[in-house]
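Build me a model:
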Amino acid sequence: GGGMLVDAAGGSVAVSSLAGKVVACYCSASWCPPCKQFTPQLATFYKRAKAAGRPFEVIFVSCDRDEASMKQYLGHMPWLAIPFGSPARESALGSLSVKGIPQLTVFSQDGKMLEQNAVQSVFSPNALEKWEAGKPATS
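Down below sits the predicted model:
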């Protein structure tokens, strides 16, 4: 649809800009210690992908309790987010079947789910190449 995503600087980007990219939905919250540990590691992976010009994007799907916490946490993230007040955030959490966080759900360029939780995959070599080829990193 014509949904919008936001970034830490307060800018907004159309969801349609994700077309043709590998998209990782990052379900996370500032109150969750394992999330706070993983976020910088994911940021390193993301910055490397971007520097290499890869068709990759991360979308933060906040599990924070309020918008202020979400915005503060997004300030530590170099990627996009579903706005806190957007109904798309609730529906994303539902459709991603979030059981525990951090959860990083990876979708191929044609929108097929490749990994339900790829938190460990970002540490495996060639994860991005595998995702771009439409395969799980563990394959």
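
Stretch 111-127: which residues count as buried?
114-115, 117-119, 121-122, 127 (16 or more other Cβ atoms under 10 Å). All C-beta spots, glycine's among them, are computed from the backbone N, C-alpha and C.

Give me the longest helix you can find in this protein.
helix 33-51 (DSSP state H).

Do a quick rundown of the strands in this structure.
In the chain, the segments counted as strands under DSSP state E are 4-6, 12-14, 22-28, 56-62, 80-81, 103-107, 113-115.

Deepest-packed of these, please.
Burial of these is given as mean neighbour count (mean count of other Cβ atoms under 10 Å); strand 22-28 ranks first at a mean of 24.

pLDDT weak spots in this protein?
1-2 (pLDDT under 70).

ok so, going back, just want the angle from the longest helix of the chain to strand 103-107.
For helix 33-51 against strand 103-107, the angle by axes from the mean of the first three to the mean of the last three Cα atoms, to 10 degrees is 30 degrees.
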